[in-house]
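**Q** Generate a structure from the sequence data that follows.
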Amino acid sequence: MENTQEYIDILIGLEPVFKKAGELMLQMRETAKSKNKFNTGIAGIDIVTEADTASQEFILSKMAETKLVECQLFAEEDTPSVKKFKGINGLVLTLDPIDGTIHYANNKRFFSTIISLNDKKDFLYTFCNYPIFNWARRIANGKVEDFGKMPEINILPGLNLEKTIAYTVREPKIIDAEIKKELLEQGYKFEKACNITDEGGSCTLLFLDKVAGYYTETPNPYDGTVALHYAQEKNLKIYSTVDISTAPPTDRGPHYRGWYVVLEK
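**A** Sure thing, here's the model as predicted:
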């Protein structure tokens, strides 16, 4: 495998492009049409907009002009530049052009672009850009760095989140039974993100220090490992069986096997 730092540096150099993609999606927000790409019955998974595909193609066309074209690519949407990526250097590049498309389409504030890189064993780079707030977070080279002012998210009234582990879609089912029992005995509870806020997802709640932890199972490569990379760099408590060496296809696209919980409090 080639020098991974070279690819991380290329991604860091492309961060202005990622932010420009955020400006593009904001410009398209009033006119972008939406449709269903899957039929799971879960709006947050099924929906895609013209802004998803336009911003993805904008980013990938710039990436393809660099050595990143040598990476294996998992991009959430099917756009022309996807075919340019060769998968010859042992690295995996992932892109979610609009994480939280349902929030984007419904004029909510917390949606983001997520770009990441791994070597099928370790996470190397994650970048999340929230265009409404001009706030971004980079996770790379053993550091978590913020660019811009961290925003405040609306929390639904009457909640005590000190021991809440948030999840986005699926309640914990494949988590190790003994670990789940241990967490419950310690006073933790699992709560769906939409019962906490009407603005964003579970990873955003963790990022903004509003919940005690985060849970997901069979995460997709585009947005499902952000919290795990963040937790590793921040030395948070982690329970995990996630295998990122391969992402088998499902009826909802590729997904890693396993589950994880990260605890911040």
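**Q** so where's this structure shaky on pLDDT?
**A** Where the chain drops to pLDDT under 70, the residues are 1-2, 32-48.
**Q** please redo it, this time with the cut-off set to 50
**A** 1, 38-44, 47 (pLDDT under 50).
**Q** Quickly note the distance from the residue nearest in space to the middle of it to Phe85.
**A** With distances taken as C-alpha atoms, centre = their mean, Asp223 lies nearest the centre of the chain, 2.4 Å away. In this view, Asp223 and Phe85 are 19 Å apart by C-beta to C-beta, to the nearest Å. (Glycine included, C-beta is placed from N, CA and C.)
**Q** Equivalent analysis for Glu233, please.
**A** Here Glu233 is placed at a distance of 26 Å from Phe85 (C-beta to C-beta).
**Q** next one: Gly22
**A** Taking C-beta to C-beta, one finds Gly22 at 22 Å from Phe85.
**Q** Neighbour count for the two, which is higher?
**A** Per other C-beta atoms under 10 Å, whichever of Gly22 and Phe85 has more neighbours is Gly22, with 22 against 19.
**Q** and the more buried one, what does it touch?
**A** Contact analysis of Gly22 by C-beta atoms under 8 Å, 6 or more residues apart in numbering lists 55, 113, 129-131.
**Q** The same query, at a cut-off of 10 Å, please.
**A** Taking C-beta atoms under 10 Å, 6 or more residues apart in numbering, we find Gly22 in contact with 55, 97-98, 111-113, 129-134, 136.
**Q** Mark which of those are buried, thanks.
**A** 55, 97-98, 111-113, 129-133, 136 (16 or more other C-beta atoms under 10 Å).
**Q** Ala51 in helix, strand or coil?
**A** Ala51 falls in the helix class when you classify it by DSSP: H, G, I helix; E, B strand; the rest coil.
**Q** How about Lys108?
**A** Applying three-state DSSP: Lys108 is coil.
**Q** Tyr130 is in contact with that one, correct?
**A** No. Using C-beta atoms under 10 Å, Lys108 is not in contact with Tyr130; the gap is 11.5 Å.
**Q** Please enumerate the shared neighbours of these two.
**A** Taking C-beta under 10 Å, 6+ apart as the contact rule, Lys108 and Tyr130 both touch 100, 200.
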